[in-house]
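*Asks:* got a sequence here, can you build the structure:
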Amino acid sequence: MMIKSYFIKFTLLLVLSVSTIPGRAQQILNSYAEQGLKSNANIDKLNFDYQASVWALKESKKMFGPSVDITGGYTRNFRQPIDLGSGSGNTSSLLEQLLMSSSKNGKLYYPGINHFSSALQITQNIYNRQLVYSRDIKEENSRSSASQLADFRIELEAEIRTAYFQYLQAVSLKEAVERGVKNARQNLAGIQSLLNQQRLTKESLYKSRANLSSVEAQLSDMENSRIKAQFYFNFLINKLPGDTILTDQFYLFDPARTYRIATDRDTAISGYHLTAIESAAKSATLQKKQVNAQSLPVLQFTGTGGISGNSIDFSNRRLPYGALEVSFKWNIFNSGASQARSRQALFQERSLNAQYQNTRNQLRTDELSAFHDVAAQLANYGAVSSGYKNASVYYEAVRSKFMAGLATLLELLDAEYSLQQADMDRLKWYYTLQIKISTYQKQTGKTLKLIP
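*Replies:* A predicted model of the protein is given here:
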């Protein structure tokens, strides 16, 4: 009964501690991620590719509708006339109307010397399977472009988060080394005091100074790591290398928290890195069908109406004309070029299907591997936390004994190093956990929820 009561109190305490996190928690990192997604040149490029594919799809859809053209022309012919002889006025006039010719001085010019025409032409495809497959290919290409854009956005966001945690880790490790420098200076002052009391030799002082120099050198290395992490993060969000990076308090390590991941993770295979390949494979299948459709007939209707004559004379009742045409085209031989293109599309389809299966299997393996990396990292928290507590207690005990002359300088320096290392280990543990969660997102396209 006491155990149940304790568990209830602990749960309430945990829930309350989470609910009191400020409302702006996670907003800084989310804002950085959004900024990086908006200002990335590769995303702009992929977005332009997607927009181009959308308009290509719209164009292919418009091919099914009628096409309306205005045509017009003038022709000047140069040929020897036909001599009709005398008294052929009525005959030449008749021939002019029948043959669209012209007569002059008893001579018949065929074709006519001048010919004017203007018309409105409407063309409508009645049956053309190639247009159907062309439209479907453009649709799959559009889906593939949209998927590539979405996949890259997920990858970039995960990379931005990883870089941010690397920066916070570099800052935290530098602070841990600064605490180590503080302890080393404190111990050096204690040794100096004991030396003044003639309770220690100068060798102990030199050893302590050398230890302080070593820790200060680590501090310089940590600052260098912080600067490089700052440069890389600002590069990802398209800012100047030296721009200040705000700290999101939610993601700072808090030893008072207990961390776990939500158990309701989505293990189903999503379309991440798969939809683009699937659409490309479907596009190859449609290309094969489109090539094979070249052996099918193409049926087209054309309607034309306008004026045509040797002169623009609107009193001429034969000047206006109209025509209706249904054309039929059937390719029966093209030297095997269609068959070669069809086989090319076939093997491309098979290659993409194989890539799809391989990527699907890889995603399933990556999801399991990345999740177990996170779970294993979480399982180490108890050991890391206990290691720091023990190192802290041990350091204070050894330092007290050393000041009392009951411990050696070597024991003190060893305890000091162990405390600094344990402090850094728990910080590395926390930010490595955050990085592995971001890696899970990058490898699977899904997110894990870390519950503090």
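*Asks:* mind listing the strands for the stretch 101-250 of the chain?
*Replies:* In the stretch 101-250 of the chain, the segments counted as strands under DSSP state E, counting those that start in this stretch are 102-104, 107-109, 114-127.
*Asks:* same deal with the stretch 301-450 of the chain?
*Replies:* Counting by DSSP E, counting those that start in this stretch, the segments of the stretch 301-450 of the chain that form strands are 320-329, 450-451.
*Asks:* so what strands line up beside the first one?
*Replies:* In the sheet containing strand 320-329, the strands it pairs with under DSSP bridges are strand 298-309 (antiparallel).
*Asks:* please apply the same query to the shortest one.
*Replies:* Looking at strand 450-451 with DSSP bridges, its paired strands and their directions are strand 260-261 (antiparallel).
*Asks:* now do the phi/psi pair for Tyr74.
*Replies:* phi -140, psi 130 (degrees, to the nearest 10).
*Asks:* mind naming the longest helix for this structure?
*Replies:* If you go by DSSP state H, the chain has its longest helix at helix 129-196.
*Asks:* what mean pLDDT does it have?
*Replies:* Average pLDDT, helix 129-196: 94.
*Asks:* who are the packing partners of it?
*Replies:* In this structure, helix 129-196 packs against helix 27-38, helix 41-62, helix 202-236, helix 275-292, helix 381-403, helix 409-444, with contacts taken as 3 or more C-beta pairs under 8 Å, 6 or more residues apart in numbering; DSSP states H and E. For every residue, glycine as well, the C-beta is placed using N, CA and C.
*Asks:* please name every helix or strand in contact with the first one.
*Replies:* Put plainly, it is helix 27-38. Helix 27-38 packs on helix 129-196, going by 3+ C-beta pairs under 8 Å, 6+ apart.
*Asks:* which residues of the stretch 1-150 of the chain score low on pLDDT?
*Replies:* 1-25, 79, 82-111 (pLDDT under 70).
*Asks:* ok so, going back, can you put the strands of the stretch 101-250 of the chain in a markdown table and add distance to Leu319 and mean neighbour count?
*Replies:* Shown next, in a markdown table, are the strands of the stretch 101-250 of the chain (distance: least, C-beta to C-beta, whole Å; neighbours: other C-beta atoms under 10 Å):
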| stretch | distance to Leu319 | mean neighbour count |
| --- | --- | --- |
| strand 102-104 | 14 | 18 |
| strand 107-109 | 18 | 18 |
| strand 114-127 | 9 | 15 |
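*Asks:* so which of the ones you listed is nearest Gly72?
*Replies:* Evaluated over the strands of the stretch 101-250 of the chain, closeness to Gly72 peaks at strand 114-127, with 4.1 Å, by C-beta to C-beta.
*Asks:* ok and the closest one relative to strand 298-309, angle-wise?
*Replies:* 160 degrees (axes from the mean of the first three to the mean of the last three C-alpha atoms, to 10 degrees).
*Asks:* sheet-wise, list the partners of strand 114-127 with their directions.
*Replies:* strand 67-76 (antiparallel), strand 298-309 (antiparallel).
*Asks:* centre of the chain to that strand, how far?
*Replies:* 47 Å (C-alpha atoms, centre = their mean, to the nearest Å).
*Asks:* what lies in contact with that strand?
*Replies:* 63-77, 100, 102, 131, 297-312, 321, 326 (C-beta atoms under 8 Å, 6 or more residues apart in numbering).
*Asks:* of those residues, buried ones?
*Replies:* Among those, the ones that count as buried by 16 or more other C-beta atoms under 10 Å are Ser102, Leu131, Val298, Gly303, Thr304, Gly306, Ile307, Ser308, Gly309, Asn310.
*Asks:* may I see the strands of the stretch 301-450 of the chain arranged in a markdown table, with mean pLDDT and distance to Thr247 as well?
*Replies:* Formatted as a markdown table, these follow (pLDDT from 0 to 100; distance: least, C-beta to C-beta, whole Å):
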| stretch | mean pLDDT | distance to Thr247 |
| --- | --- | --- |
| strand 320-329 | 86 | 70 |
| strand 450-451 | 79 | 18 |
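*Asks:* apart from its neighbours in sequence, what residue is nearest the residue nearest in space to the middle of the chain?
*Replies:* Centroid check for the chain by C-alpha atoms, centre = their mean gives Phe152 as the closest residue, at 1.2 Å. Closest residue to Phe152 apart from its sequence neighbours, by C-beta to C-beta, 6 or more residues apart in numbering: Leu46 at 5.8 Å.
*Asks:* same thing with Asp243?
*Replies:* Using C-beta to C-beta, 6+ apart and skipping the chain neighbours, the partner closest in space to Asp243 is Asn234 (5.3 Å).
*Asks:* check contacts around that neighbour.
*Replies:* Asn234 is in contact with Leu240, Pro241, Gly242, Asp243, Ile245, counting by C-beta under 8 Å, 6+ apart.
*Asks:* next one: the nearest residue to the first one once chain neighbours are set aside, what pLDDT does it get?
*Replies:* Spatially, and ignoring its direct neighbours in sequence, Leu240 is nearest to Asn234 (6.3 Å; C-beta to C-beta, 6+ apart). pLDDT, the model's per-residue confidence, is 96 for Asn234.
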